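J.: Pasting the sequence and the predicted model now:
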Amino acid sequence: MTENSAEEPRTGWFSEEAATFGDRMAAARDAGGMTQAALARRLGVKLKTVEAWENDVAEPRANKLQMLSGLLNVSLRWLMTGEGDGLDHPPADAVLAADAREILADLRQVRAEMTRLGDTLGGLEKRLRAVVKEGL
């Protein structure tokens, strides 16, 4: 590990830069051999709710999030960020075609760049607020 490891983007299959909450949730559910309907039933929510979570249209409340991590046998931290106890890679039967791997690599690169640009934008906004405040 290098000294700049905190600045280097994580590039694992389920890292925050490579996958969304919904991606991780769906992968953990699939790895556990559970259908969306079965998960919805065990959580006490509607199937449409689980579908919305996996499609990143909505997010679960804290109590359901905790139940979800337990039912999927992954840590809450992994479910949210891709770090911690969870899956390292997709199930073996999820072999990607070369084109899909190339697209996935491009997506990872764009997400990392978006994160970097978001950090830069935040810094610029902070500097602008300070300059405006000094001018008042």
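T.: Nice, I can see it. Please read these numbers as outputs of a predicted model, since none were measured by experiment. Numbering: from 1, shown residues only.

J.: gap between K48 and A40?
T.: Relative to A40, K48 is positioned 8 Å away (C-beta to C-beta, to the nearest Å). Placement of C-beta: from N, CA and C, glycine included.

J.: which of these two has more neighbours?
T.: A40 (18 against 12; other C-beta atoms under 10 Å).

J.: Quick check, that one in contact with A52.
T.: No - A40 is beyond contact range of A52, at 10.7 Å (criterion: C-beta atoms under 8 Å).

J.: Enumerate every residue touching the most centrally placed residue in the chain.
T.: Against the mean C-alpha coordinate of the chain, by C-alpha atoms, centre = their mean, the closest residue is T20 at 2.9 Å. Counting by C-beta atoms under 8 Å, 6 or more residues apart in numbering, T20 makes contact with D56.

J.: For it, give me phi and psi.
T.: Dihedral pair for T20: phi -100, psi 170, per degrees, to the nearest 10.

J.: Now the top helix by length along the chain: buried residues?
T.: Assignment by DSSP state H gives helix 98-135 as the longest helix of the chain. Under the neighbour-count criterion of 16 or more other C-beta atoms under 10 Å, helix 98-135 has R108, R111, A112 buried.

J.: Span of stretch 34-53 from start to end?
T.: 15 Å (C-alpha to C-alpha, to the nearest Å).

J.: Tell me the buried residues in that stretch?
T.: By neighbour count on 16+ other C-beta under 10 Å, the buried set for stretch 34-53 is M34, Q36, L39, A40, L43, V45, T49, V50, E51, A52, W53.

J.: isn't the last one right up against E59?
T.: By that I understand W53. Yes - checked against C-beta under 8 Å, the pair W53 and E59 is within contact range at 6.6 Å.

J.: list the residues that contact both of the two?
T.: Shared contacts of W53 and E59, defined by C-beta under 8 Å, 6+ apart, are found at F21.
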